[in-house]
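[1] have a look; sequence and predicted model below, questions after that.
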Amino acid sequence: MKRPALPAALWALLAGNFVIGTGVMVVPGTLNELSTSLQVSAATAGQLITVGAIVMCLGAPLLAAVVAGWDRRVLLACTMLWYGAGHLVATLMPNFGGLLLVRMLTVIAPAIFTPQAAACVGLLVPPEQRGRAVTFVFLGWSMASVLGLPIGAVIGGHFGWRAAFAVITVLSAVGAIWIWLKLPAGIRPAALSREAWGRVFKSPLLMGVVSVTALQGAGQFVLFSYFAPILKQTLDASATELGLMWAWFGACGLAGNMLVSRHIDRVGAPRMVLLTTSLIALSLLLWPLGVTLVWLALLLTPWGLGCFATNSAQQARLVALSPALAPGSVALNSSGIYIGQAVGAGAGGWLLAHEATAWMSWVGLATVLAAIGLSVAVDRAQRRAPAFSA
């Protein structure tokens, strides 16, 4: 039987996530150019990732409460405009300190957009399509890795990081218009009460899933944050070669997310999380064997397949556990993604500054294995309490 088509509004949300993801990843993609232009070390420039991730982590749940009553069309379109304005102002910053401050303000947008887009999906599709719809909207992040990240890296490599940031400004304006035209007016998910937030925080299952997300992110970003300087130092990769490597990684990410979106309702979110996280662990285990760019591209394939797909599966997992608490749990899951990025980028920066890059993959692997262990434990706990309803 042919599955019913998803609403056109989901395409607009997918496009918004594409822009958000491209803007978040433009820093790792242009890290070499940022370091050179602003006359700071790569480890210092990488703190743009750490500080931005902290803002997104704290902002996602706090802002979810602030914007609870907003019409989602107004909220998400305005968020895109804020994002574009922030990247435009960033191009005017003459030093690292100014850019750091502007970046902190700019990434308020991802803290709002991604969790709120996922949370309003439940009001756009029937329950039996929720898993597919959530993972579909999250395809935007995978597409950002396929197109946005490598294009940003190439533009940054040839024309400077300011040009790459300016492209994000244009894309943000387009995204705002698309959302305004396609998202129905009057979508207002019910605001979570203080009691409901308490139920989210007190739920071992929901908080266990969020903790898995944080561990996954930390394990990946120890190494992911510093791909550009590491590949330049160890393999003498040019800006074009870095762009091609990002593009390959992103293409794998898109393929993985599409496969998850297609099969998650049948396989189940917990099993999909286990599979995709195991793929990431495999690449981290094999990373030391990547002695050429070609070999490294092959070794990155499992990681690419699992990287964005596992986040999609985690979002769907939370929505399935408790649709009524999804606005809160999905916002916290976004916080989990971002705190993982902050911890991972911070740890990776410390290792890079202390010339211990050989340890990055092993630290990342240990953290991802911890995520796998916790995910299995959460799944077993859910099976012991099948009637769970947060």
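    Okay, I see it. Numbers count the residues shown, from 1 in each chain.

[2] please make it C-alpha for all contacts and neighbour counts, starting now.
    OK.

[3] low pLDDT regions in the stretch 201-350 of the chain?
    327 (pLDDT under 70).

[4] and for the residue lying closest to residue 197 once chain neighbours are set aside, the neighbour number?
    Leaving aside its sequence neighbours, residue 197 sits nearest to residue 328 (C-alpha to C-alpha, 6 or more residues apart in numbering; 6.6 Å). Number of residues near residue 328 (other C-alpha atoms under 10 Å) recorded here: 28.

[5] same check on residue 289?
    Counted with other C-alpha under 10 Å, residue 289 comes out at 11.

[6] still on that earlier bit, what comes up buried for the helix or strand containing the residue nearest to residue 197?
    Assigned by DSSP states H and E, residue 328 belongs to helix 326-353. Neighbour counts using 16 or more other C-alpha atoms under 10 Å place 326-352 of helix 326-353 among the buried residues.

[7] next: stretch 160-178.
    Using 16+ other C-alpha under 10 Å as the test for burial, stretch 160-178 gives 160-176, 178.

[8] do stretch 269-284 as well
    Within stretch 269-284, the residues that count as buried by 16+ other C-alpha under 10 Å are 269-270, 272-274, 276-284.

[9] re the thing from before, the residue nearest to residue 197 and residue 118: what is the separation?
    Residue 328 sits 11 Å away from residue 118, taking C-alpha to C-alpha, to the nearest Å as the criterion.

[10] what of residue 77?
    Residue 77 sits 15 Å away from residue 118, going by C-alpha to C-alpha.

[11] so between these two, which is more surrounded?
    Taking neighbours as other C-alpha under 10 Å, residue 77 and residue 118 compare with residue 118 leading, 28 against 24.

[12] which SSE is that one in?
    Judged by DSSP H and E, residue 118 forms part of helix 108-121.

[13] could you pull up the mean pLDDT of that helix?
    The average pLDDT within helix 108-121 is 84.

[14] contact partners for residue 292?
    For residue 292, the contact set (C-alpha atoms under 8 Å, 6 or more residues apart in numbering) comprises residue 235.

[15] ok, now with 10 Å
    Contact analysis of residue 292 by C-alpha atoms under 10 Å, 6 or more residues apart in numbering lists 231, 234-237.

[16] and what of residue 318?
    131, 205-207, 209-210, 269-270, 325-330, 333 are the contacts of residue 318 under C-alpha under 10 Å, 6+ apart.

[17] check residue 286 too.
    By C-alpha under 10 Å, 6+ apart, the contact set of residue 286 is 296, 299-300, 361-362, 365.

[18] can you get me a residue count around residue 14?
    Residue 14 has 26 neighbours, counted by other C-alpha under 10 Å.

[19] what's the answer for the one 4 residues further on, then?
    Burial of residue 18 is recorded as 27 neighbouring residues (other C-alpha under 10 Å).

[20] doesn't residue 138 make contact with it?
    Yes. Using C-alpha atoms under 10 Å, residue 18 is in contact with residue 138, at 8.4 Å.

[21] out of the contacts of residue 318, which comes closest to residue 149?
    Checking the contacts of residue 318 against residue 149 by C-alpha to C-alpha gives residue 333 as the nearest, at 22.8 Å.

[22] residue contacts, the closest one?
    Residues in contact with residue 333, defined by C-alpha under 10 Å, 6+ apart, are 57, 60-61, 115, 206-207, 209-214, 311, 314-315, 318, 326, 339.

[23] what's the spacing between it and residue 210?
    Residue 333 sits 5 Å away from residue 210, going by C-alpha to C-alpha.

[24] what do those two both touch?
    Shared contacts of residue 333 and residue 210, counting by C-alpha under 10 Å, 6+ apart, come down to 314-315, 318.

[25] want to try a markdown table for the residues you listed, with secondary structure and distance to residue 8 as columns?
    A markdown table is the format used below for the shared contacts of residue 333 and residue 210 (DSSP: H, G, I helix; E, B strand; the rest coil; distance: C-alpha to C-alpha, whole Å):
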| residue | secondary structure | distance to residue 8 |
| --- | --- | --- |
| 314 | helix | 24 |
| 315 | helix | 21 |
| 318 | helix | 24 |
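
[26] ok, of those, which one's closest to residue 91?
    For those, the nearest to residue 91 is residue 315 (33.2 Å; C-alpha to C-alpha).

[27] any idea how many residues pack against the closest one?
    27.

[28] so what's the residue lying closest to it once chain neighbours are set aside up against?
    Ranked by C-alpha to C-alpha, 6+ apart and with sequence neighbours excluded, the top spatial neighbour of residue 315 is residue 330, at 6.2 Å. Neighbouring residues of residue 330 by C-alpha under 10 Å, 6+ apart: 60-61, 64, 114-119, 206, 210, 314-319, 323, 336.

[29] now these: which count as buried?
    Neighbour counting with 16+ other C-alpha under 10 Å marks 60-61, 64, 114-119, 206, 210, 314-319, 323, 336 as buried within the contacts of residue 330.

[30] would you map the helices across the stretch 151-300 of the chain?
    Assignment of helices within the stretch 151-300 of the chain using DSSP state H, counting those that start in this stretch yields the ranges 161-182, 194-202, 204-224, 227-235, 239-267, 269-286, 293-321.

[31] got the angle for the last one vs helix 269-286?
    With axes from the mean of the first three to the mean of the last three C-alpha atoms, to 10 degrees defining the directions, helix 293-321 sits at 160 degrees from helix 269-286.

[32] can you check the fifth one too?
    Computed by the same axes, to 10 degrees, the angle separating helix 239-267 from helix 269-286 equals 150 degrees.

[33] what residues sit buried inside helix 239-267?
    By 16+ other C-alpha under 10 Å, the buried positions in helix 239-267 come out as 239-258, 260-262, 264-265.

[34] go on, the fourth one?
    Neighbour counts using 16+ other C-alpha under 10 Å place 227-231 of helix 227-235 among the buried residues.

[35] next, the angle helix 326-353 makes with it.
    Using the same axes, to 10 degrees: helix 227-235 against helix 326-353 is 30 degrees.

[36] for the stretch 1-150 of the chain, which spans come out with low pLDDT?
    Along the stretch 1-150 of the chain, the parts satisfying pLDDT under 70 run over 1-5, 127-128, 130-131.
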